[in-house]
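**Q** Sequence plus the predicted model coming up.
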Amino acid sequence: MSEGPPFCELKEAERMEALGIVSEAQELSQSLADRRSTMIDSNPPFFAAYGSLFRSRPAAGNHEAEAVEECDLPIVDLSRLSDELQAEQCKREIVTAASAWGFFQIVNHGIPNGVLDRLRAEQVRAFRQPFKKKADEKFLGFLGDSYRWGAPTATSLKQLSWLEAYHIPLSSATHPATTSTCRCVIEELSSAMSRLADRLMGILAEGLGSDGSYIKDNCKRNTCYLRLNRYPPCPVAGEVFGLVPHTDSDFLTVLCQDDVIGLQLKKGGRWIAVRPNPGTLIINVGDLFQAWSNGLYKSVEHRVMSNPRLERFSVAYFVCPSKETMIESSARPAIYRKFSFGEYRQQVQQDVTLLGYKVGLTRFLASCSLKKLQILDLGHCKKLRKLPAQIHKLVNLKILRLAYCTQLERLVNLLVLEIEGCPRLQSLHDSFSDMENLTELKMMRCDSLTGMPRGVGKLSDLQKVAGWAAVDGHGSATFQYLQTLINLEELRLQNLKSMSDPEDDPTAKLHETVDDDVEMAFLLLQILEGLRPNPTLEKLEISCATTTLSL
Ligand SMILES: O=C(O)CCC(=O)C(=O)O
Ligand SMILES: [Fe+2]
């Protein structure tokens, strides 16, 4: 890049070549030449804006390789709601689909096809405008920066969305009313969507034993949003999502997609592709309904895959309350704590900015919901370095298993602490000796530990101790701690290898070089003497680099 024009002045196809996306760039240039259409000028300049993400992308590894099964969502015919005999069955199907899938499709939904078609035509027209016009001008006088594209906070390709959208707040406080066709059809569609959503949410609320007035009172049309999405063809479709995996931060979403496949949702831990079904609308449960229903209705993770050749359009109507609305689980014990919608949105925004992804409802778990938790196994959490401060709220925690965590909290009710395979753990905090209910302590394969934690001798309830006997200059002290453990029944000492001068430390007589059983036995006797184990000891196992001896 030291010669030739600066990167930002290159056209998108040339930018791609510069980024090493060579064959796709040639294809794009070819299609440009073929079509001579203005469409490309209307595409957002993804390669210019996100060039650094492409430059630092891994050489291999993308989500294209994943084989994803196609499925048909449960389909509900809403015309049955007006038939006395069938209405109850229809409602049951809606409640079941929202609980089991979080997604379903509806037919005979009452939104005239004409309105949907007119909106689609206006949507296509709006997105066909030159990129600069879309980015610079307010959309139809609606408040806010409604035009969005890409993902401004993305720090890797995985966080980028190959998408442009008009995100339209339906608040009445919009700029001087425009009487454009587009604006009129948006008004018409959002009224119809609002009526449909109210009807569905009423049924879902009824399924929870509620009369639905809470949602009706808090989700007015003017707090909802309409989003017009366009997914431009993506030359690097295997590497970038159309829309990154997410859950919707609303009560309910009504989605109208075209016939280009792309939407996928997670079911049973696997991604499945939703087969487009013309004439149907897709309904999905959002985070707020999941919280309000106390987990009965599922806000399911979904994403849109980008397409190398085809553009894709969709329209989503998001049912949101005002930001002051408090969301509280309607059943007890509540899984989530009470929060306001404003607080929720702020937290989501903060997570996306700082972490690159939305954490969502798990941030709002009610602590009391884990009050009964007795066993916590974090042994497979490879990135966990520090226990969360909230761990103290687990007042009944008895058994804790860790592997990679280097900072421990003082958990006074703990009976069993197991740390296995934590090479970075160098010492335990002094407050460790406050865990006075501990009966078992196991610290295996923690190779940076040089001795027992100070104060272990105070834990007189300890019955089983295993681990960390790397004997150093403090070896004798290490063993002496054990002498006060008057209830010790089982002792396993591991990794007896390094030692300082044996003259300084009469109990630490074991050399790494010891591999002869006779010599080992002899040294063991000396260790036992240093240990002066309590008569309660029933099982003793000592291992060094080369030999294991059990008594
Ligand atoms: O375009 C789609 O099919 C899905 C859009 C979506 O999930 C969203 O806008 O939140
Ligand atoms: Fe969504």
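**A** Ah, there it is. Ligands and ions are numbered 1, 2, ... in the order given.

**Q** what sits against the closest residue to ligand 1 within the chain?
**A** Checking the chain residue by residue against ligand 1 with Cβ to the nearest ligand atom singles out S314 as nearest, at 3.4 Å. (Each C-beta comes from the backbone N, C-alpha and C, glycine too.) Applying Cβ atoms under 8 Å, 6 or more residues apart in numbering, we find S314 in contact with N229, Y231, L255, C256, Q257, D258, L263, V304.

**Q** what about it, which SS state?
**A** When the structure is split into helix, strand and coil by DSSP: H, G, I helix; E, B strand; the rest coil, S314 lands in strand.

**Q** how near is it to I399?
**A** Using Cβ to Cβ, to the nearest Å, S314 is found at 48 Å from I399.

**Q** Can you list the low-confidence ranges for the stretch 451-551 of the chain?
**A** Low-confidence segments of the stretch 451-551 of the chain, defined by pLDDT under 70: 451-452, 468-481, 494-534, 544-551.

**Q** Output the lowest mean pLDDT helix or strand found in this protein.
**A** Across the helices and strands of the chain, mean confidence by mean pLDDT, DSSP states H and E is lowest for strand 548-550: a mean of 48.

**Q** can you give me the strands in the stretch 151-300 of the chain?
**A** When assigned using DSSP state E, counting those that start in this stretch, the strands of the stretch 151-300 of the chain occupy the ranges 164-169, 225-231, 241-246, 252-257, 263-267, 270-274, 281-285.

**Q** Is it possible to get CSV of the ones you listed that adds mean neighbour count and distance to L394?
**A** Conversion of the strands of the stretch 151-300 of the chain to CSV gives the following (neighbours: other Cβ atoms under 10 Å; distance: least, Cβ to Cβ, whole Å):
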stretch, mean neighbour count, distance to L394
strand 164-169, 20, 40
strand 225-231, 22, 38
strand 241-246, 21, 29
strand 252-257, 23, 34
strand 263-267, 20, 28
strand 270-274, 17, 31
strand 281-285, 25, 29
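
**Q** Make CSV out of these and add distance to ligand 1 and mean pLDDT.
**A** Below are the strands of the stretch 151-300 of the chain laid out as CSV (distance: least, Cβ to the nearest ligand atom, whole Å; pLDDT from 0 to 100):
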stretch, distance to ligand 1, mean pLDDT
strand 164-169, 7, 94
strand 225-231, 5, 96
strand 241-246, 6, 97
strand 252-257, 5, 98
strand 263-267, 4, 96
strand 270-274, 8, 95
strand 281-285, 7, 98
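
**Q** and E541, which of the ones you listed is closest to it?
**A** Checking the strands of the stretch 151-300 of the chain against E541 by Cβ to Cβ gives strand 270-274 as the closest, at 43.7 Å.

**Q** can you give me the offset of the closest one from its chain's centre?
**A** In terms of Cα atoms, centre = their mean, to the nearest Å, the gap separating the centre of strand 270-274 from the centre of its chain is 17 Å.

**Q** Provide the strand pairings for it, with the direction of each partner.
**A** For strand 270-274, sheet partners with direction are given as strand 69-71 (parallel), strand 263-267 (antiparallel), following DSSP bridges.

**Q** Okay, and the beta partners of the closest residue to L255 other than its chain neighbours?
**A** Leaving aside its chain neighbours, L255 sits nearest to I282 (4.2 Å; criterion: Cβ to Cβ, 6 or more residues apart in numbering). On the basis of DSSP bridges, I282 is bridged to Q105, L255.

**Q** hmm, the longest helix anywhere in the chain in reach of ligand 1?
**A** Longest helix of the chain, by residue count under DSSP state H: helix 181-207. No: against ligand 1, helix 181-207 shows no contacts by Cβ under 6 Å from any ligand atom, the least distance being 13.7 Å.

**Q** Buried residues, that helix. List them.
**A** By 16 or more other Cβ atoms under 10 Å, the buried positions in helix 181-207 come out as 182-183, 185-186, 188-190, 192-194, 196-205, 207.

**Q** now stretch 102-121
**A** In terms of neighbour count (16+ other Cβ under 10 Å), stretch 102-121 has its buried residues at G102, F103, F104, Q105, I106, H109, I111, V115, L116, R118, L119, R120.

**Q** tell me the contacts of the first one?
**A** In this structure, G102 makes contact with L265, N284, V285, Q290, Y297, K298, S299, V300, judged by Cβ under 8 Å, 6+ apart.

**Q** the domain parsing of this protein - what is it?
**A** Residue ranges for the structural domains of the chain, counted by automatic domain parsing, are given in the record as 63-321, 368-550.

**Q** Can you lay out the ones you listed as TSV showing distance to E14?
**A** Written out in TSV, the entries for the domains of the chain read as follows (distance: least, Cβ to Cβ, whole Å):
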stretch	distance to E14
domain 63-321	13
domain 368-550	40
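
**Q** what sits against the residue nearest the centre of the chain?
**A** With distances taken as Cα atoms, centre = their mean, V359 lies nearest the centre of the chain, 5.0 Å away. Taking Cβ under 8 Å, 6+ apart as the criterion, V359 is in contact with Q347, V348, D351.

**Q** May I ask which of the residues you listed has the most neighbours?
**A** Each of the contacts of V359 was scored for neighbours by other Cβ atoms under 10 Å, and V348 scores highest at 20 neighbours.

**Q** from what I can see C446 touches G421, true?
**A** Yes: using Cβ atoms under 8 Å as the test, C446 is close enough to G421 to be in contact (7.5 Å).

**Q** More neighbours: which of those two?
**A** Ranked by neighbour count (other Cβ under 10 Å), C446 and G421 place C446 first, with 23 against 15.

**Q** Please report how far the more buried one lies from G467.
**A** From C446 across to G467, the span is 7 Å (Cβ to Cβ).

**Q** Model confidence at I391, what's the number?
**A** Note on I391: pLDDT of 78.

**Q** again but with G114, I slipped
**A** The confidence metric pLDDT takes the value 95 at G114.

**Q** Need the contact partners of the helix or strand hosting it.
**A** Secondary-structure element containing G114, defined by DSSP states H and E: helix 113-127. Counting by Cβ under 8 Å, 6+ apart, helix 113-127 makes contact with 42, 134, 139, 164, 166, 181-182, 185-186, 188-189, 192, 228, 230, 256, 258, 279, 313, 315, all of which sit outside it.

**Q** which ones are touching the closest residue to L296 other than its chain neighbours?
**A** Residue nearest to L296 in three dimensions, not counting chain neighbours: S99, with 5.6 Å by Cβ to Cβ, 6+ apart. Listed by Cβ under 8 Å, 6+ apart, the contact partners of S99 are L296, Y297, K298.
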